[in-house]
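Enquirer: Make a model of this:
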Amino acid sequence: MIEKIIEGSARNKFLVFLMVIFLGAWGLWALKNTPLDAIPDLSDVQVIIYTPWMGRNPTIIEDQVTYPIVTTMISAPRVKSVRGFSDFGYSYVYIIFEDGTDIYWARSRVLEYLNQASGRLPSGVTPTLGPDASGVGWVFQYALIDESRKYDLAQLRSLQDWYLRYQIGSVEGVAEVASVGGFVRQYQVNLDPNKLAAYRLPVKSVIDAIRMSNNDVGGRSVELSGAEYMVRGRGYIRSIKDIETVTVGGDRGTPILVRDIASVSLGPDMRRGIAELDGKGEVVGGIVVMRHGENALNLIDRVKQKIKEIEPALPSGVKIVSTYDRSDLILRSIATLKEKLIEESLIVSLVIVIFLFH
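Expert: So this is what the prediction gives:
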């Protein structure tokens, strides 16, 4: 058999050279386009449904949110298993699909079945899909450091949430940039129960009044002296004073304002964890999650390049420090692979030469 292959190759030199050129070109293309990663992706094809319902205990979350979603998703096509998890204020549902299922086909099926479950969920509860990433998508992490000590954790978190997260999220191949650490700033209205009882105001009426006051409305246009003016009502809350002057009721013709029954201040949202760097104190950071099927090494390079573009625009004294970078592990794995391939090639070549001498 081997003799026939050698004889056929000797007679058809052109086809042999053509095949060698084709295989060489194919190898070069694969070398440049094959996704490189040091951690094999052995995770299942899964879609995560995340549903927040703040202030509710796990039992209510399980009965009114997790259970309706789970019972709806078990009938979706190519679903292998459905796992539900209820926490304080949050519901997580993991839909595991059969191996080989396209992730975006699976996500579209989950959205279809989620529409069926929406009618069984409480009012105001909105489920959302998790990022289109795999279990090994955590490829890069950074921290914001203020060397000047001019900015507190709340200001750094605002910088991360309203600037850095969107800038890095625009990089091709990034599925999500998750913020960690710091404090999320919020307006806090601390009600006085004695004043509420004195004015006979329920808490729900105060909540509804503040929610309805935070809104812009549009009106018609008015034509005057050949010019057209657009009428609109501006009502977005922009400061503590705007909340304090919201009317929540009336007492004998006198409006009752929020400042009459509560104190309003800026404060941090409740948090369930912190981020610390090298034992030097708390920091604010971000986790870059890679989209499913992307090249991890190329993605990390693009993220680093984006960070270099962002750094000149950061406030004075604020720096971005890398805390986890998988590219180092990938490059060391590639170096080890190259070393072993060269060693094996030399050994095989030596063995072939020895056999040819015989």
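
Enquirer: Touching stretch 117-134 from outside, list them.
Expert: 41, 43, 47-51, 53, 64-65, 68-69, 72-73, 91, 103-104, 107, 110-111, 114, 137, 175-176, 289-292 (C-beta atoms under 8 Å, 6 or more residues apart in numbering). For every residue, glycine as well, the C-beta is placed using N, CA and C.

Enquirer: And for stretch 73-89?
Expert: With C-beta under 8 Å, 6+ apart as the criterion, stretch 73-89 contacts 44, 49, 52-59, 61-62, 65-67, 69-70, 91-98, 101, 106, 109-110, 113, 117.

Enquirer: can you check stretch 29-45 too?
Expert: Under C-beta under 8 Å, 6+ apart, the answer for stretch 29-45 is 80, 96-101, 103, 106, 134-136, 293-298, 326, 329-330, 332-334.

Enquirer: about what we covered before: just the ones of the contacts of stretch 117-134 in helices?
Expert: Judged by DSSP state H, the subset of these located in helices is 68-69, 72-73, 103-104, 107, 110-111, 114.

Enquirer: Generate a markdown table for those residues, with pLDDT as supplementary columns.
Expert: Listed next are the ones in helices among the contacts of stretch 117-134 as a markdown table, based on pLDDT from 0 to 100:
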| residue | pLDDT |
| --- | --- |
| Pro68 | 93 |
| Ile69 | 94 |
| Thr72 | 92 |
| Met73 | 93 |
| Ile103 | 92 |
| Tyr104 | 92 |
| Arg107 | 93 |
| Val110 | 93 |
| Leu111 | 92 |
| Leu114 | 91 |
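
Enquirer: quick one: the strands in the stretch 101-250 of the chain?
Expert: Ranges of strands within the stretch 101-250 of the chain are 128-129, 138-146, 174-180, 185-191, 217-224, 227-233, 247-251, based on DSSP state E, counting those that start in this stretch.

Enquirer: list the buried ones in stretch 91-103?
Expert: Buried positions in stretch 91-103, judged by neighbour count with 16 or more other C-beta atoms under 10 Å: 91-97, 101, 103.

Enquirer: about what we covered before: going through the contacts of stretch 73-89, which ones are buried?
Expert: Among those, those buried by neighbour count (16+ other C-beta under 10 Å) are 49, 53, 56, 61-62, 65-67, 69-70, 91-97, 101, 106, 109-110, 113, 117.

Enquirer: ok, back up a step: between the buried residues of stretch 91-103, which sits nearest Asn190?
Expert: Lowest distance from Asn190 to the buried residues of stretch 91-103 (C-beta to C-beta) belongs to Ser91, with 28.7 Å.

Enquirer: What's opposite that closest one in the beta bridge?
Expert: In this entry, Ser91 is beta-bridged to Thr51, Ser86, by DSSP bridges.

Enquirer: my guess is it contacts Asp63, does it?
Expert: No. Assessed by C-beta atoms under 8 Å, Ser91 is found out of contact with Asp63, at 10.6 Å.

Enquirer: Spatially nearest residue to the most centrally placed residue in the chain, not counting backbone neighbours?
Expert: Centrality entry for the chain: nearest residue to the mean C-alpha point is Glu176, 2.8 Å, by C-alpha atoms, centre = their mean. Leaving aside its sequence neighbours, Glu176 sits nearest to Pro131 (C-beta to C-beta, 6 or more residues apart in numbering; 3.9 Å).
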